[in-house]
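Novice: Sequence first, then the predicted structure:
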Number of protein chains: 2
Amino acid sequence: MSRMRLDPGRITGIAVTIVDDRGFDALSLSAVAERLGVGPSALYSHVAGLDGLRRLVAVHAMNNLVARVREAAIGVSGPAAVRSVSDAYRGFARTHPGQFRFTVMPRSDDPELAAADDELLNVFALVYRGAGLDPGRSARAARSVRSAIHGFVTLEMAAGPAAAHEAHYRELLEAVAAMFPARPGRSGNRRGAG
Amino acid sequence: MSRMRLDPGRITGIAVTIVDDRGFDALSLSAVAERLGVGPSALYSHVAGLDGLRRLVAVHAMNNLVARVREAAIGVSGPAAVRSVSDAYRGFARTHPGQFRFTVMPRSDDPELAAADDELLNVFALVYRGAGLDPGRSARAARSVRSAIHGFVTLEMAAGPAAAHEAHYRELLEAVAAMFPARPGRSGNRRGAG
DNA sequence: ACCTGAACACCGTTCAAGT
DNA sequence: ACCTGAACACCGTTCAAGT
């Protein structure tokens, strides 16, 4: 019976489910094929082997991260916006650790992943733009702040559960605030004439 | 012939060589056993399977990173010392990408890895101590700066070779300097009286 | 065009057997 | 005490065969 209507989208969806449920290392063509009620070799008609599937999952994970961070940037401005997007970044990593690991997969010359990377940095940059920083300084702030948040979350997850992480995270946010002072306001609910 | 004199140290050494030469994913019990001229199952007398070997490699990698960073902190002070230890951190990741990945392995309740982590942070903290920061502020600076460097290097390696990375790295160092101003001097070759 | 099923090479792991 | 070698379960991948 060839009723399963396999296609890259469905396959990637199952793959992401497995990654969310059982982690990065649990992703295998066999596991995906089993959930689809099909033999592992059937997947080769739609996906370029395990590496190809991994790339699709990486794209999916990057887009999810971008979407989360983008949402967190809506309706806030200034230092609160920096905190909000940082919290969203960290929140994605903690609620989807498997996808987060795919976020940092080797991406040599992959235009789709590079585009997602640019979008992610652009959200951070726009937050700083709204806080009064000029374009160049906003772009630099975006890269540095994203590095800091990413590094913190990576190390925190490797270290495992520990009560001190919350305090350390707040310390990092303070350090980031000192790094690039973001003035509140400007975009959104400003009131004065200027 | 049982001449191979297997022991955890030798096994770990071969494992690190493989990781350095062919990367994180190339580490397997089979590959290690082959280089030792022995069957894969022979390793189980000295190592707790693949997971056990990975943990040994992680400890080795952490100790190597600490040693590199520690060396870089000798004979320098102030902002130059911050730059030096950061460069060492980044240099280790670039020259030993396989070991660097083991550096961030899940380490739940592993005292040896936790100790190495503390030592690493302590080097950063001592640099800031020497630059005039009080103990509490030095410890916070150490954690935040290490996060920033780690995140940058992780993302830079995932992105693959790109000319812009050098400029972005220098931007990060400037941001870090703004984050925790490190006054030059105090320890080492100071000249003035006070 | 797409899936099956056999086949192959490769893993990690266990365990009885040798020494 | 330590290594061998067979055995098992599990991978990814290829390919001829069916439909």
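Specialist: Sure thing, it's come through. Numbers count the residues shown, from 1 in each chain, chains lettered A, B, ... in the order given.
Novice: Reduced to three states, what does A:Pro161 come out as?
Specialist: Using DSSP: H, G, I helix; E, B strand; the rest coil, the structure places A:Pro161 in coil.
Novice: Give me the number of neighbouring residues for A:Pro106.
Specialist: Using other Cβ atoms under 10 Å in any protein chain shown, A:Pro106 has 15 other residues around it. Placement of C-beta: from N, CA and C, glycine included.
Novice: List the contacts of it.
Specialist: B:157-158, B:160 (Cβ atoms under 8 Å, 6 or more residues apart in numbering or on different chains).
Novice: at 7 Å instead, please
Specialist: By Cβ atoms under 7 Å, 6 or more residues apart in numbering or on different chains, the contact set of A:Pro106 is B:158, B:160.
Novice: secondary structure element for it?
Specialist: Assessed by DSSP states H and E, A:Pro106 sits outside every helix and strand.
Novice: quick one, phi psi at it?
Specialist: phi -50, psi 130 (degrees, to the nearest 10).
Novice: And it, how far from DNA strand D?
Specialist: Distance of A:Pro106 to DNA strand D, given as Cβ to the nearest atom of the strand, to the nearest Å: 15 Å.
Novice: now swap in A:Met62 and tell me
Specialist: A:Met62 is 21 Å from DNA strand D, by Cβ to the nearest atom of the strand.
Novice: what's the distance between that residue and A:Arg170?
Specialist: The spacing between A:Met62 and A:Arg170, counted by Cβ to Cβ, to the nearest Å, is 27 Å.
Novice: Those two - which one has more neighbours?
Specialist: A:Met62 (24 against 11).
Novice: Show residues contacting stretch A:133-151.
Specialist: Stretch A:133-151 has contacts (Cβ under 7 Å, 6+ apart) with A:86, A:89-90, A:121, A:124-125, A:128-129, A:172, A:176, A:179-180, B:144, B:147-152, B:154-155, B:168, B:171-172, B:175.
Novice: which ones among those are found in helices?
Specialist: Per DSSP state H, helices hold the following members of the contacts of stretch A:133-151: A:86, A:89-90, A:121, A:124-125, A:128-129, A:172, A:176, A:179, B:144, B:147-152, B:154-155, B:168, B:171-172, B:175.
Novice: Excluding covalently adjacent residues, which one is nearest to the residue nearest in space to the middle of chain A?
Specialist: Computing the C-alpha centroid of chain A and ranking residues by Cα atoms, centre = their mean puts A:Leu65 first, at 2.8 Å. Counting by Cβ to Cβ, 6 or more residues apart in numbering or on different chains, A:Leu65 lies nearest to A:Phe92, which is 5.2 Å off, once chain neighbours are set aside.
Novice: I'd say A:Gly132 and A:Arg183 touch.
Specialist: Yes. A:Gly132 lies in contact with A:Arg183 (Cβ atoms under 7 Å); the separation is 4.5 Å.
Novice: So for the two, which residue has more residues nearby?
Specialist: A:Gly132 (17 against 13).
Novice: Check the spacing between A:Glu112 and DNA strand C real quick.
Specialist: 22 Å.
Novice: Give the helix, strand or coil label for the closest residue to A:Val104 other than its chain neighbours.
Specialist: Spatial nearest neighbour of A:Val104, chain neighbours left out: B:Ala158 (4.6 Å); criterion: Cβ to Cβ, 6+ apart. Of the three states, B:Ala158 takes helix under three-state DSSP.
Novice: residues contacting B:Ala158?
Specialist: A:104-107.
Novice: Turn those residues into a markdown table, including distance to A:Gly9.
Specialist: Formatted as a markdown table, the contacts of B:Ala158 follow (distance: Cβ to Cβ, whole Å):
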| residue | distance to A:Gly9 |
| --- | --- |
| A:Val104 | 23 |
| A:Met105 | 19 |
| A:Pro106 | 23 |
| A:Arg107 | 21 |
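Novice: who in chain A is up against DNA strand C?
Specialist: Along chain A, the residues adjacent to DNA strand C under the rule Cβ under 7 Å from any atom of the strand are A:2, A:4-6, A:37-39, A:41-42, A:45-46.
Novice: Make CSV out of those residues and add neighbour count.
Specialist: Shown next, in CSV, are these (neighbours: other Cβ atoms under 10 Å in any protein chain shown):
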residue, neighbour count
A:Ser2, 7
A:Met4, 12
A:Arg5, 7
A:Leu6, 16
A:Gly37, 10
A:Val38, 15
A:Gly39, 12
A:Ser41, 9
A:Ala42, 17
A:Ser45, 9
A:His46, 16
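Novice: and of those, the nearest to B:Val19?
Specialist: Nearest to B:Val19 among those, counting by Cβ to Cβ, is A:Ser41 at 31.5 Å.
Novice: where does the closest one land on pLDDT?
Specialist: Per-residue pLDDT puts A:Ser41 at 98.
Novice: ok so, going back, gap between the residue nearest to A:Leu65 and chain B?
Specialist: As judged by Cβ to the nearest Cβ, to the nearest Å, A:Phe92 and chain B stand 15 Å apart.
Novice: and that residue, what helix or strand is that in?
Specialist: A:Phe92 belongs to helix A:78-95 when elements are defined using DSSP H and E.
Novice: which other helices and strands contact the host helix or strand of A:Asp51?
Specialist: If you go by DSSP H and E, A:Asp51 is part of helix A:49-72. Judged by 3 or more Cβ pairs under 7 Å, 6 or more residues apart in numbering or on different chains; DSSP states H and E, the packing partners of helix A:49-72 are helix A:8-22, helix A:78-95, helix A:97-102, helix A:111-130.
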